[in-house]
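Enquirer: below are the sequence and a predicted model; questions follow.
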Amino acid sequence: MLGVIPERMEDKWFIFWERNTLHFHRSWTGFCCFRAKFRQLKSGWKLVEIVANRNEEQYRGIDEEDLIKVPFLIDLLLLHKQFIWPDDAPPQAAVELWHDVGRAFIGGHPGGQQEEAIE
């Protein structure tokens, strides 16, 4: 399967690929929050559309934030790109980021990648 299967409570997303679309479901509720549609090019794939769930009982995102969040989730959770914490980030941002990505925030990913020890 292409995507992310949550293994622990701290894994916040179930993500899977189907028919040129990434589906992003919250792991605890199963609610689909996003669908990211791609078009295949000769050189790879291009993200062409992000569809967000607007049922406020399932997801309370904001359009502008979703356009940033989906590529961020792809980079962090699927491509395992390292996240660099900005020096000027407010303290509350760490709590919000943990809510969004769980243990991936500190380098842990489903599928065998473990967190590194914090010294």
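Expert: Received the coordinates, thanks.

Enquirer: helix, strand or coil for the residue nearest to the spatial centre of the chain?
Expert: Nearest residue to the geometric centre of the chain (CA atoms, centre = their mean): L73, 2.8 Å. For L73, the secondary structure call by DSSP: H, G, I helix; E, B strand; the rest coil comes out as helix.

Enquirer: isn't it up against F24?
Expert: Yes - contact status for L73 versus F24: in contact at 6.5 Å, counting by CB atoms under 8 Å. Heads up, the C-betas are built off the backbone N, CA and C, glycines and all.

Enquirer: where does pLDDT dip in the protein?
Expert: Where the chain drops to pLDDT under 70, the residues are 1, 112-119.

Enquirer: so what's the residue nearest to the centre of the chain up against?
Expert: L73 is in contact with 13, 15, 24, 34, 100-101, counting by CB atoms under 8 Å, 6 or more residues apart in numbering.

Enquirer: mind doing that once more with 10 Å?
Expert: Listed by CB atoms under 10 Å, 6 or more residues apart in numbering, the contact partners of L73 are 4, 12-13, 15, 22, 24, 33-34, 36, 79, 100-101, 104.

Enquirer: related to what we said a few turns ago, joint contacts of L73 and F24?
Expert: With CB under 10 Å, 6+ apart as the test, L73 and F24 both reach 4, 12-13, 15, 33-34, 36.

Enquirer: could you dump the residues you listed to TSV with distance to F83?
Expert: What follows is these, written out as TSV (distance: CB to CB, whole Å):
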residue	distance to F83
V4	16
K12	14
W13	15
I15	17
C33	20
F34	19
A36	19
